[in-house]
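>>> Predicted structure and sequence below. I'll ask about it afterward.
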Amino acid sequence: MQWYTLDEYKNPVATVSFPTDEEHKKHQRVAFTMLKSGKRVSTVFLFLDYNYSAGGEPILFETMVFPENNFSELECERYHTYKDAVAGHKRMVKKWKND
């Protein structure tokens, strides 16, 4: 299994070992926004490649939108890079902020 961590520039780096608790705390959350409606938009680094196809870049980041009182997802989007994840988070906040 291929694990990843982030370097000091937020670039993914492949590793063979499971990320430490310190790495989880340092890198997992990319962004979090609580909307006025109570919905939550959360973007995280996944540490594991979610690209299940035979080729292409690893998919290592994910934004999810959750309703006010539970963790069933309303929407999910995944990304290859930190930069794309930050932009995706902003798009989701904009999309859901008036719902």
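Arrived safely, thanks for sending. Numbers count the residues shown, from 1 in each chain.

>>> In the chain, what residue spans correspond to strands?
3-6, 12-15, 29-34, 40-45, 61-66, 75-79 (DSSP state E).

>>> For the chain, which helix or strand comes out least confident on mean pLDDT?
In the chain, the helix or strand scored least confidently by mean pLDDT, DSSP states H and E is helix 21-27, which has a mean of 73.

>>> For that one, name the packing helices and strands.
strand 3-6 (3 or more C-beta pairs under 8 Å, 6 or more residues apart in numbering; DSSP states H and E). To be clear about C-beta, it is placed using only N, CA and C from the backbone, and glycine gets the same treatment.

>>> Quick one: mean pLDDT for the strand it packs on?
Averaged over strand 3-6, pLDDT sits at 89.

>>> Check stretch 78-87 too.
On average, stretch 78-87 scores 97.

>>> For it, output the C-alpha coordinates as PDB.
Provided in PDB are the C-alpha atoms of stretch 78-87 (Å, rounded to 0.1, in the frame of the first residue of the first chain):
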ATOM      1  CA  ARG A  78     -11.600  15.000  -4.900                       C
ATOM      2  CA  TYR A  79      -8.300  16.500  -6.100                       C
ATOM      3  CA  HIS A  80      -4.800  15.800  -7.100                       C
ATOM      4  CA  THR A  81      -3.000  18.800  -5.500                       C
ATOM      5  CA  TYR A  82      -3.200  21.000  -2.500                       C
ATOM      6  CA  LYS A  83      -3.800  24.100  -4.700                       C
ATOM      7  CA  ASP A  84      -6.800  22.400  -6.300                       C
ATOM      8  CA  ALA A  85      -8.100  21.300  -2.900                       C
ATOM      9  CA  VAL A  86      -8.000  24.900  -1.600                       C
ATOM     10  CA  ALA A  87      -9.700  26.200  -4.800                       C
END
